[in-house]
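Asker: just to be clear, the model below is a prediction. Sequence and coordinates:
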Amino acid sequence: MKSQTAITLCLIFMFAPLSGCIESSDDDKDSEENPVNPNQIICPDGTNGTIEWGVITCAEPEVFRTSDVSNQTQSLTFEWYNIAATEWGNFGPVEIYIIGSDIDAAKQLEDEYCERHKALDSNWNEEWDCANDNYQIFTRYVEEGGAAISTFKRTYIEYDFMMMIMSAKYPGPSEEDYKPVVLHEYFHIFQHSQISDECSGDSRDTCERDSKMGGEQNPWFAEGGAEYMAQTLYSKQEGVRDNYLREVMQNKLDYSKDDYLGQNISLDQLTYSSEINVYGVSTWFTAYLIHNEGIDAYLNGFYGDLDELGFNGAFEKHFEKTKVEYIAEFEGFLNQSNEEIMSIIPLSPTNTE
Ligand SMILES: [Zn+2]
């Protein structure tokens, strides 16, 4: 039995060719006898499922694209998204927006995004949450390129979701990098799915979600993790050259080691705007951490306890040192020869399992 709401939602969701459809929960009879989960959905295979922040779901992401983006780019993005979701667990709700190089098409998609969320969420604030002069949701990607994840788990919002943005450059869909970047962005979805805290949406407020990611403006843990996990997973895919992971890690070592060791800001205090490339050295920190502790302690141990114990609690429980001690030890590791450092990266992915 479906109510008007359910039908309306289904119609909205039909705009996304890859979506499931939310089932209504406001049937009175059902809710008296057996409270219906408001997160209930029908899975793509027709069975019943749920979609809820932090819980593995059968739901596929909803994919939207600007009018100048091809079917092929959409399929490529979806294919690599699924490789990541299969590896790290399928979380949601996720909306993927693929932005091309036409500014008017990007504006058009901003309008559609705005209308969609106004319809999905009565608390959606059109003035602040839709695109405006200070918040160029998709249009900035036409110029700047790149990729990102935004979380919409906020105190004032009813409909929680994560937004993945991919664009036409840095990297574009014809570049090899596009594939590990999709994996990288998905790992951020995994990370955010392990954290239940809601933020106010006002950047002046502190938010526990930022601390659990490794610190507001401090990319070391979240970015290093996403990059190392993505590159490792990519290196294991069919058709990727055997030496891929070592090439990538060697390159990151070359452009970050001397810069990092030659300055005096601790890894966890570096920011996105620091002069040195924080990503490279942070990826190496994660490689070192996982080499020592094992993937299970990182992925299931640390991330499994993060929400309950907080960043430092989960870190100390699973890695048996404070982050300050671990970073000091890592700096000792970095002070070795490049050959010794590189020895923790397997020669070929087939040797890792
Ligand atoms: Zn990232």
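Answerer: Nice, thanks for sending it over. Everything quoted here is computed from the prediction, not taken from an experiment.
Asker: how near is the residue nearest to Ser193 when sequence neighbours are not counted to Gln40?
Answerer: Distances taken as C-beta to C-beta, 6 or more residues apart in numbering place Phe91 nearest to Ser193, at 3.9 Å, with adjacent residues excluded. Glycine gets a C-beta too; all of them are placed from N, C-alpha and C. According to C-beta to C-beta, to the nearest Å, Phe91 stands 17 Å off from Gln40.
Asker: returning to what we had before: list the contacts of the residue nearest to Ser193.
Answerer: Trp53, Gly54, Val55, Ile56, Thr57, Ala85, Met162, Ile189, Phe190, Ser193 (C-beta atoms under 8 Å, 6 or more residues apart in numbering).
Asker: confidence score at Asp205?
Answerer: Looking at Asp205, its pLDDT is 86.
Asker: hmm, I typed the wrong one, I wanted Gly201.
Answerer: Confidence at Gly201, expressed as pLDDT, is 76.
Asker: do a quick rundown of the helices in the stretch 201-350 of the chain.
Answerer: Listed in chain order, the helices of the stretch 201-350 of the chain (DSSP state H, counting those that start in this stretch) span 208-213, 220-235, 244-261, 278-293, 295-296, 303-319, 323-334, 338-342.
Asker: run the chain-centre distance for the second one.
Answerer: To tie it back to what came earlier, the one meant is helix 220-235. 11 Å (C-alpha atoms, centre = their mean, to the nearest Å).
Asker: from now on call the first residue 20
Answerer: With 20 as the first residue, the last one maps to helix 239-254.
Asker: mind exporting that helix as PDB, just the C-alpha atoms?
Answerer: The C-alpha trace of helix 239-254 is given here as PDB (Å, rounded to 0.1, in the frame of the first residue of the first chain):
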ATOM      1  CA  TRP A 239      46.400  14.100   7.400                       C
ATOM      2  CA  PHE A 240      44.300  11.200   8.600                       C
ATOM      3  CA  ALA A 241      41.300  11.400   6.300                       C
ATOM      4  CA  GLU A 242      43.100  12.300   3.100                       C
ATOM      5  CA  GLY A 243      46.100  10.000   3.700                       C
ATOM      6  CA  GLY A 244      43.600   7.100   4.400                       C
ATOM      7  CA  ALA A 245      41.500   7.800   1.400                       C
ATOM      8  CA  GLU A 246      44.500   8.100  -0.900                       C
ATOM      9  CA  TYR A 247      46.300   5.000   0.300                       C
ATOM     10  CA  MET A 248      43.200   2.900   0.400                       C
ATOM     11  CA  ALA A 249      42.200   4.000  -3.100                       C
ATOM     12  CA  GLN A 250      45.600   3.500  -4.700                       C
ATOM     13  CA  THR A 251      46.000   0.100  -3.100                       C
ATOM     14  CA  LEU A 252      42.500  -1.000  -4.300                       C
ATOM     15  CA  TYR A 253      43.200   0.400  -7.700                       C
ATOM     16  CA  SER A 254      46.500  -1.400  -8.000                       C
END
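Asker: what does that helix rub up against?
Answerer: Applying C-beta under 8 Å, 6+ apart, the contact partners of helix 239-254 are 102-103, 106-107, 198-200, 202-207, 210, 232-234, 259, 263-264, 267-268, 286-287, 289, 297-298, 300-306, 309, 317, 330, 368.
Asker: please apply the same query to the longest one.
Answerer: By C-beta under 8 Å, 6+ apart, the surrounding residues in contact with helix 263-280 are 250-251, 253-254, 260, 286, 294-296, 298-300, 302-303, 306, 350, 353-354, 357, 360-361, 364-366, 368.
Asker: return the residues of this structure in contact with the ion.
Answerer: Glu242, Ala245 (C-beta under 5 Å from the ion).
Asker: give the buried residues for stretch 329-349.
Answerer: For stretch 329-349, burial by neighbour count (16 or more other C-beta atoms under 10 Å) applies to Phe330, Ala333, Phe334, His337, Phe338, Lys342, Tyr345, Ile346, Phe349.
Asker: tell me the domain ranges of this protein?
Answerer: Per the record, the chain has its domains at 72-212, 230-370, by automatic domain parsing.
Asker: mind putting these into a markdown table with distance to Thr66?
Answerer: Listed next are the domains of the chain as a markdown table, based on distance: least, C-beta to C-beta, whole Å:
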| stretch | distance to Thr66 |
| --- | --- |
| domain 72-212 | 7 |
| domain 230-370 | 26 |
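Asker: can you redo the ones you listed as JSON lines with distance to Asp221 and mean pLDDT?
Answerer: Output for the domains of the chain, formatted as JSON lines (distance: least, C-beta to C-beta, whole Å; pLDDT from 0 to 100):
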{"stretch": "domain 72-212", "distance to Asp221": "10", "mean pLDDT": "97"}
{"stretch": "domain 230-370", "distance to Asp221": "13", "mean pLDDT": "96"}
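Asker: who wins for proximity to Pro63 among those domains?
Answerer: Judged by C-beta to C-beta, the one of the domains of the chain that comes nearest to Pro63 is domain 72-212, at 5.7 Å.
Asker: and that closest one, how far out from the chain's middle?
Answerer: Relative to the chain's own centre, domain 72-212 is displaced by 10 Å; criterion: C-alpha atoms, centre = their mean.
Asker: circling back: just flag the most distant two among the contacts of Phe110.
Answerer: Trp72 and Ala104 (15.2 Å).
Asker: OK, contacts around the residue nearest the centre of the chain?
Answerer: Geometric centre of the chain, nearest residue: His207, 2.3 Å, by C-alpha atoms, centre = their mean. With contacts defined as C-beta under 8 Å, 6+ apart, His207 is in contact with Ile168, Ala241, Ala245.
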